[in-house]
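> Mind folding the following:
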Amino acid sequence: MKKRFALTAGIAMLAVLAAVPFLYAQQARHHGHGGGDGEFGMLFGHLDKVKAALSLTDDQVTQLQAIAQDLKAQNAPYREQLRGGFQQITKTLLNNPNDIATAQNMLNQQTAAETAVKTNVLNAASKALNVLNADQRAKVGQFLADRAARHGHK
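Numbers count the residues shown, from 1 in each chain. So this is what the prediction gives:
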């Protein structure tokens with residue numbers, strides 16, 4: 001369980017990196033400022049502040065928006081599967097506690113979906129970081145270090 005948590009935490013950090021220039025917008029949303037809709041809405045809610053903080057060009061903003069939208073589209077098929085998957089596994093075992101094979105098959109499908117989502121996030125993070133120049137990546141690195149320090153992470 002600890003390995004899974006560590007892996008999930010690592011992937012969460014990659015997700016943050018995928019949305020590198022939008023981290024400031026996410027922080028602003030947590031302070032009561034509205035964003036757009038859904039999971040990516042919070043990332044784009046204050047794009048003007050992010051653009052200013054990282055000195056993004058209009059072209060970079062366009063590229064980053066496209067990367068985020070592509071990621072959202074790629075992961076869309078997995079969302080419902082991941083939401084309801086563990087409930088289905090539980091339901092299967094409650095109906096027949098001896099049906100381990102079916103539950104294991106469902107668990108394997110969950111794992112495959114999680115891996116696909118994580119791979120998509122990793123690829124999006126790479127693409128997003130490639131949009132930024134070295135100075136912008138340094139600013140993001142500093143932001144992440146500051147954020148980790150505030151939250152007690154090493």
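> Show me what counts as buried in stretch 86-99.
Neighbour counts using 16 or more other CB atoms under 10 Å place Gln88, Ile89, Thr92 of stretch 86-99 among the buried residues. Bear in mind the C-beta positions are built from the backbone N, C-alpha and C, glycine included.
> Next: stretch 50-60.
Using 16+ other CB under 10 Å as the test for burial, stretch 50-60 gives Val50, Lys51, Ala53, Leu54, Leu56, Gln60.
> repeat for stretch 134-144
Neighbour-count burial for stretch 134-144 [16+ other CB under 10 Å]: Gln136, Arg137, Lys139, Val140, Phe143, Leu144.
> Which strand or helix spans the fourth one?
Taking DSSP states H and E as the criterion, Val140 maps to helix 134-150.
> can I get the CA coordinates of that helix in CSV?
Extracted in CSV, the C-alpha atoms of helix 134-150 (Å, rounded to 0.1, in the frame of the first residue of the first chain):
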residue,chain,number,x,y,z
ALA,A,134,15.2,27.3,-19.4
ASP,A,135,14.5,30.4,-17.4
GLN,A,136,10.8,29.6,-17.2
ARG,A,137,11.6,26.0,-16.1
ALA,A,138,13.9,27.4,-13.4
LYS,A,139,11.0,29.6,-12.1
VAL,A,140,8.7,26.6,-12.0
GLY,A,141,11.4,24.6,-10.2
GLN,A,142,11.7,27.3,-7.6
PHE,A,143,7.9,27.5,-7.3
LEU,A,144,7.8,23.7,-6.7
ALA,A,145,10.6,23.9,-4.1
ASP,A,146,8.9,26.8,-2.3
ARG,A,147,5.6,24.9,-2.3
ALA,A,148,7.2,21.7,-1.0
ALA,A,149,9.0,23.7,1.8
ARG,A,150,5.6,25.3,2.8
